[in-house]
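# structure for the following, please:
(one chain, ligands or ions: 1)
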Amino acid sequence: MIRAFGPGRVNLIGEHTDYNGGLALPFAIDRGVTVEAEPLAESVIRAVALDLGEEDEFPLDGPERVPGWRAFVRGVAAELQAAGIPVRGARLAFRGDVPRGSGLSSSAALEAALCLALLAVAEADEPDRTALARLCSRVENDWVGAETGLLDQLASLNGREGQALRIDFAALALEPVPLDLGAWRLVTVESGAEHTHAGSGYNERRAECRAACEALGVEHLSAAEPDAAAALPAPLDRRARHVLTENARVDATVAALRSGDLDEVGRLLDASHASLRDDYEASVPAVERAVAALREAGAAGARMVGGGFGGSVLALLPPDVDVPDGAVAVAPGPPARRL
Ligand code: GLA
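Predicted structure coming up:
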């Protein structure tokens, strides 16, 4: 029996920057999706989503497009083949412990685990992990219908124990940054508002960023001058200002981590949240309530994580603050792997 695990991710800071050629600082977590796989003699995939009690079966040769979780499985099988990677018939069963719609990227966890499981079934060589991340993101874009960037897939496939990853999406350069928190803790809390990328304001924000790039004559927003946003009409000015200030906050966070200034990391998380709420307008009332509750509980900083419009909130707790009810501690763990 082949088993592969794909972790979810938490993005410490750097939100909505990935598809804008900017910076982010995510890490893989120890929760994710486990896929069990067995080869089949026929050229079909039989997949079971154990959490949902649902099944799918499709031919490897040209699967039809369908919505929901089946799009991930069909998309991974199709995109591996389109990349010239052999895929063999298999029975796949998967289960996860990242709640769907939580903003902790159950999607990338599933894509990464499916890829590694199908590669193992076919005894195929693993492509390099940036290529694999791109492949997974094509599944998300072309099969699931969410125009997401590369943040989640790169984090899930390249996580490192004890370290966050500074990702520069323009250069596709990854740099590990030690996350030495001492007795401080990072926790996530579900806001209670589920989000989906395909169905939220996510694609609309991407379209606004494209419009801002056209108006500024830049390839991506991170290539614009720091004060370029002011020249744009509303709301494009606010969208661009979020991206440019968020990039600066990523490097400020890296510097604060390197100098052990965790109070400053907390302030930067707060500033990121304010920018996502006011300039990017990606928050919802349930997320605001969760952020406020975490600050009241003593967090040094708190912000929405992931695509927004619902999902989870991340908070940094000083040593003397207890983990509030409903919050779960998160720490950087290893990348997607065969078990
Ligand atoms: C989602 C997407 C990522 C990224 C974030 C926002 O998680 O999947 O590509 O755009 O939202 O930072």
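# for the stretch 101-250 of the chain, which segments count as helices?
With helices called from DSSP state H, counting those that start in this stretch, the stretch 101-250 of the chain shows them at 106-121, 129-138, 151-158, 202-216, 236-258.
# what about the third one, distance to the chain center?
What it means is helix 151-158. 7 Å (CA atoms, centre = their mean, to the nearest Å).
# may I have it exported as CSV, CA atoms only?
Output in CSV follows, covering the C-alpha atoms of helix 151-158 (Å, rounded to 0.1, in the frame of the first residue of the first chain):
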residue,chain,number,x,y,z
LEU,A,151,1.6,30.2,-2.5
ASP,A,152,-0.2,27.2,-1.2
GLN,A,153,1.4,24.6,-3.4
LEU,A,154,5.0,25.9,-2.9
ALA,A,155,4.5,25.9,0.9
SER,A,156,3.0,22.4,1.0
LEU,A,157,5.7,20.9,-1.2
ASN,A,158,8.7,22.8,0.3
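# tilt between it and helix 106-121?
Helix 151-158 and helix 106-121 meet at an angle of 40 degrees, taking axes from the mean of the first three to the mean of the last three CA atoms, to 10 degrees as the criterion.
# list the helices and strands helix 151-158 packs on?
strand 2-11, strand 26-39, helix 106-121, helix 129-138, strand 163-168 (3 or more CB pairs under 8 Å, 6 or more residues apart in numbering; DSSP states H and E). Every C-beta, even on glycine, is put in place using the N, C-alpha and C of the backbone.
# so which of these gets nearest the ligand?
The ligand lies closest, by CB to the nearest ligand atom, to one member of the helices and strands packed on helix 151-158: strand 2-11, at 6.0 Å.
# okay, the angle between the closest one and helix 151-158?
Using the same axes, to 10 degrees: strand 2-11 against helix 151-158 is 130 degrees.
# that older thread, could you identify which of the helices of the stretch 101-250 of the chain is most buried?
Counting by mean count of other CB atoms under 10 Å, helix 151-158 has the highest mean neighbour count of the helices of the stretch 101-250 of the chain, with a mean of 29.
# how close does the closest residue to Glu288 other than its chain neighbours sit to the ligand?
Using CB to CB, 6 or more residues apart in numbering and skipping residues adjacent in sequence, the residue nearest Glu288 is Arg277, 7.2 Å away. For Arg277, the distance to the ligand (CB to the nearest ligand atom, to the nearest Å) stands at 14 Å.
# with just CA atoms, put whichever helix or strand Arg277 is part of into PDB.
Assignment of secondary structure by DSSP states H and E places Arg277 within helix 262-278. The C-alpha trace of helix 262-278 is given here as PDB (Å, rounded to 0.1, in the frame of the first residue of the first chain):
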ATOM      1  CA  LEU A 262       8.200  39.100  18.400                       C
ATOM      2  CA  ASP A 263       6.300  42.200  19.600                       C
ATOM      3  CA  GLU A 264       7.100  43.800  16.200                       C
ATOM      4  CA  VAL A 265       5.900  40.600  14.400                       C
ATOM      5  CA  GLY A 266       2.600  41.000  16.200                       C
ATOM      6  CA  ARG A 267       2.300  44.600  15.100                       C
ATOM      7  CA  LEU A 268       3.000  43.600  11.500                       C
ATOM      8  CA  LEU A 269       0.300  41.000  11.700                       C
ATOM      9  CA  ASP A 270      -2.100  43.600  12.800                       C
ATOM     10  CA  ALA A 271      -1.000  46.000  10.100                       C
ATOM     11  CA  SER A 272      -1.400  43.200   7.500                       C
ATOM     12  CA  HIS A 273      -5.000  42.600   8.700                       C
ATOM     13  CA  ALA A 274      -5.900  46.300   8.600                       C
ATOM     14  CA  SER A 275      -4.600  46.500   5.000                       C
ATOM     15  CA  LEU A 276      -6.500  43.300   3.900                       C
ATOM     16  CA  ARG A 277      -9.700  44.700   5.600                       C
ATOM     17  CA  ASP A 278      -9.500  48.300   4.400                       C
END
